[in-house]
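Enquirer: Have a look; sequence and predicted model below, questions after that.
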Amino acid sequence: MADEMTSKPAPPRRKYVPAVGPRLKILLWVIFGFVAALGANSAYLLSITLLERATGNLYQNYFYQMMFLAHLVLGFLLLAPVIVFGAAHIKNARNRPNKRAVRVGYALFATSLVLLFSGVALTRVEGFELKNPSSRSIAYWAHVVTPLLAVWLYILHRLA
């Protein structure tokens, strides 16, 4: 009888799938490149905004306008890679035993989407413009605060 209990075959092991495989790693590096460029661009735009508020002078010259355009273009180019990476990464990682990393990853993805879509909401295109001042203010502050939250969540995600 003891032999019958010990002779049960072990359950088959599931094949390990890395949460970030080789192709996703390339996409992640593309995202990091866009985020780095947007970070530098945003630092410039923020510095001009703060300088204008501090001095009362206007510093929005041609270069500023080109930097603002670059911010829009980079932001729109970042939309698809972030959505694709987030969806694929969640598919690979959702059943991992480290539930804290999974939860923080969900929060990071949601924060990234709020950041990107608040930027879309702030974009003014003929026929599409968020005109309500309260809604525009909410979108603006969401767009300003969420990058800081995203960096913090990314650090937590990596530490988990």
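Expert: That came through, no problem. Residues are numbered from 1 along each chain as shown.
Enquirer: which residues does Val114 contact?
Expert: By CB atoms under 8 Å, 6 or more residues apart in numbering, the residues touching Val114 are Ala142, Thr146. Every C-beta, even on glycine, is put in place using the N, C-alpha and C of the backbone.
Enquirer: What count of nearby residues applies to Leu130?
Expert: Neighbour count for Leu130, taken as other CB atoms under 10 Å: 17.
Enquirer: low pLDDT regions in this protein?
Expert: 1-7, 16-17 (pLDDT under 70).
Enquirer: In it, which residue is most central in space?
Expert: The chain has Ser112 as the residue nearest its centroid, 3.1 Å off, counting by CA atoms, centre = their mean.
Enquirer: isn't there a helix covering Tyr59?
Expert: No: when the secondary structure is assigned by DSSP: H, G, I helix; E, B strand; the rest coil, Tyr59 falls in coil instead of a helix.
Enquirer: quick one: it and Gly33, what's the gap?
Expert: Distance from Tyr59 to Gly33, counting by CB to CB, to the nearest Å: 28 Å.
Enquirer: Likewise for Leu74?
Expert: 10 Å.
Enquirer: okay, those two: which has more neighbours?
Expert: Regarding Leu74 and Gly33, a neighbour count based on other CB under 10 Å identifies Leu74 as having more, with 17 against 13.
Enquirer: Now do the contacts for that one.
Expert: Contacts for Leu74 (CB under 8 Å, 6+ apart) come out as Phe34, Ala37, Leu38, Asn41.
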